[in-house]
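Colleague: Any chance you can model this:
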Amino acid sequence: MREENDLSLPPLVVTPELAALIDLGLLTAGGLAVEPAGPAVTAAIAAAAAAARAAHGARAIGDIPGIAPVRRLMSALGTDPTKTRSSSEALLRRVLKGQGLHAVNNVVDTVNLASLRWLLPMGLYDLAALRGQLRLARGGPGDGYGGIGKERVNLEDRPALYDDEGPFGAPTSDSFRTRVHAGTTRILLVVYAPRGADADPELLKRCLADTRGLLETLCRARRGEERLLRG
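Modeller: Model prediction:
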């Protein structure tokens, strides 16, 4: 069991197959008070949504920079990305349809804001709920978990995070078991950045720095550890 104030990153290994396809950005943060999002978070999301509509409103969703690389990643694993959408694409689609983002709490809403700004899928987990070593691997037959607001998330042939208790996260939707809730004080954030010839090698670094800044400014988060995992 991790100590209450432990903000060290859990050990994480990536299978060779996924190391060739995806880079990860990891950070931890603590000292959190999870509560309804205040006016500052709401205003920042509104500004990001307006910017996304201005930048991308006239484009087909598949032509938007940032969407195509994530779709290629899903396709490379045998998943139809137009039927199983990444979390970042799902957020952008809601905004482009003129719909607001679902309000959950200050921490989740801030991470959704960052994902919308950078168009990268992000996973957010209660650090206290994770057990042992973490692993990113292709989901096997029958793998899945109870989702957040969903009965079951299928993980077969999708990038999936596992701990000693089983799968808990993916670029599409995370698990109920490791969700951020009112009792959460420490978090692990995972940013999924597809690799490719058109990938910006500094994108992940800039995204992590911006996301940490948002968490510190909007959620009064205490800085933990940060790491880039590149194949």
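Colleague: Name the residues of the helix or strand bottoming out on mean pLDDT in the chain that come out as buried.
Modeller: In the chain, the helix or strand scored least confidently by mean pLDDT, DSSP states H and E is helix 67-76, which has a mean of 85. Within helix 67-76, the residues that count as buried by 16 or more other C-beta atoms under 10 Å are 67-71, 73-74, 76. Heads up, the C-betas are built off the backbone N, CA and C, glycines and all.
Colleague: Same list (the residues you listed) but as JSON lines, adding distance to residue 228.
Modeller: Listed next are those as JSON lines, based on distance: C-beta to C-beta, whole Å:
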{"residue": "67", "distance to residue 228": "22"}
{"residue": "68", "distance to residue 228": "22"}
{"residue": "69", "distance to residue 228": "17"}
{"residue": "70", "distance to residue 228": "18"}
{"residue": "71", "distance to residue 228": "23"}
{"residue": "73", "distance to residue 228": "17"}
{"residue": "74", "distance to residue 228": "22"}
{"residue": "76", "distance to residue 228": "21"}
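Colleague: Out of those, which comes closest to residue 92?
Modeller: Residue 92 lies nearest to residue 67 out of those, by C-beta to C-beta, at 7.2 Å.
Colleague: Report the next helix or strand after the least confident helix or strand of the chain in sequence order.
Modeller: Going down the chain from helix 67-76, the next helix or strand is helix 87-96, by DSSP states H and E.
Colleague: Between helix 67-76 and that next one, find me the angle.
Modeller: Angle of helix 87-96 versus helix 67-76, following axes from the mean of the first three to the mean of the last three C-alpha atoms, to 10 degrees, is 140 degrees.
Colleague: Checking the residue in the chain sticking out farthest from the centre next. Helix, strand or coil?
Modeller: Distance from the C-alpha centroid of the chain, by C-alpha atoms, centre = their mean, peaks at residue 58 (25.9 Å). Classification of residue 58 by DSSP: H, G, I helix; E, B strand; the rest coil places it in coil.
Colleague: quick one: contacts for it?
Modeller: Listed by C-beta atoms under 8 Å, 6 or more residues apart in numbering, the contact set of residue 58 is empty.
Colleague: give me phi/psi at it?
Modeller: phi -90, psi 0 (degrees, to the nearest 10).
Colleague: Check the one 5 residues further on too.
Modeller: Backbone geometry at residue 63, expressed as degrees, to the nearest 10, gives phi -90, psi 0.
Colleague: Could you count how many residues lie near it?
Modeller: Using other C-beta atoms under 10 Å, residue 63 is surrounded by 10 other residues.
Colleague: pLDDT averaged over stretch 89-105 - what is it?
Modeller: If you average the pLDDT over stretch 89-105, you get 94.
Colleague: Buried residues, that stretch. List them.
Modeller: Buried residues in stretch 89-105 (16+ other C-beta under 10 Å): 89, 91-92, 94-96, 101, 104-105.
Colleague: distance of residue 209 from residue 27?
Modeller: Using C-beta to C-beta, to the nearest Å, one gets 9 Å for the distance from residue 209 to residue 27.
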